[in-house]
Each structure stands twice: as structure tokens, then as C-alpha cells.
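>>> give me a 3D structure for the following:
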Amino acid sequence: MAIYLAIAAAITLVAVISLRETKGSSLHDLDRVDHERLLAASAAGARTTG
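As a prediction, the model looks like this:
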């Protein structure tokens with residue numbers, strides 16, 4: 001059980017350190033930007049395969 005908790009804590013620590021800070025950012029704006037990036041990537045992929 002202790003090993004499991006140590007591994008879970010290590011994974012959580014890595015995730016917390018590597019994630020971007022979103023304080024003060026609108027999550028709606030972040031979702032919109034992410035959606036636009038996905039659409040652009042999808043369109044670029046469609047152009048290269050078609």
C-alpha cells in the first residue's frame with residue numbers, strides 16, 4: 001500500500017509541475033483556442049491527404 005501511495009504521489013507531482021498555469025485565464029477562451037487549433041490541424045491534414 002505504501003508503494004502505491006508513493007507512486008501515485010510521484011505521478012501527481014510530475015503532473016502538477018508540468019501543467020500550464022490557468023489562474024486568471026478564461027477556460028472558455030482556452031477551449032476556443034484549442035478548438036481552433038484542432039480545426040486548423042484537421043484542415044492541414046485534409047489538404048495533405050486529398
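>>> how close does D29 sit to E36?
Note on D29: its distance to E36, by C-beta to C-beta, to the nearest Å, is 11 Å. No exception for glycine: its C-beta is placed from N, CA and C like everyone else's.
>>> any low-confidence regions in this protein?
For the chain, applying pLDDT under 70 flags the ranges 47-50.
>>> center of the protein - which residue?
L19 (7.6 Å; C-alpha atoms, centre = their mean).
>>> please report the distance of that one from L5.
On the measure of C-beta to C-beta, L19 and L5 end up 21 Å apart.
>>> got it, and A46?
Taken as C-beta to C-beta, the span from A46 to L5 is 46 Å.
>>> ditto for L39
Distance from L39 to L5, by C-beta to C-beta: 42 Å.
>>> and the helices in the protein?
2-18, 27-49 (DSSP state H).
>>> mean neighbour count added to these, as CSV?
CSV is the format used below for the helices of the chain (neighbours: other C-beta atoms under 10 Å):
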stretch, mean neighbour count
helix 2-18, 9
helix 27-49, 9
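>>> could you dump stretch 30-49 to PDB, C-alpha only?
Listed next in PDB are the C-alpha coordinates belonging to stretch 30-49 (Å, rounded to 0.1, in the frame of the first residue of the first chain):
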ATOM      1  CA  LEU A  30      -8.700  28.300 -23.700                       C
ATOM      2  CA  ASP A  31     -11.300  25.900 -25.100                       C
ATOM      3  CA  ARG A  32     -12.000  28.200 -28.100                       C
ATOM      4  CA  VAL A  33      -8.200  28.400 -28.900                       C
ATOM      5  CA  ASP A  34      -7.800  24.700 -28.500                       C
ATOM      6  CA  HIS A  35     -10.800  24.100 -30.800                       C
ATOM      7  CA  GLU A  36      -9.400  26.400 -33.400                       C
ATOM      8  CA  ARG A  37      -6.000  24.600 -33.300                       C
ATOM      9  CA  LEU A  38      -7.700  21.300 -33.800                       C
ATOM     10  CA  LEU A  39      -9.700  22.600 -36.800                       C
ATOM     11  CA  ALA A  40      -6.500  24.100 -38.300                       C
ATOM     12  CA  ALA A  41      -4.700  20.800 -37.800                       C
ATOM     13  CA  SER A  42      -7.600  18.800 -39.300                       C
ATOM     14  CA  ALA A  43      -7.700  21.100 -42.300                       C
ATOM     15  CA  ALA A  44      -4.000  20.800 -42.800                       C
ATOM     16  CA  GLY A  45      -4.200  17.100 -42.700                       C
ATOM     17  CA  ALA A  46      -7.100  17.000 -45.200                       C
ATOM     18  CA  ARG A  47      -5.100  19.100 -47.600                       C
ATOM     19  CA  THR A  48      -2.100  16.800 -47.500                       C
ATOM     20  CA  THR A  49      -4.100  13.600 -47.900                       C
END
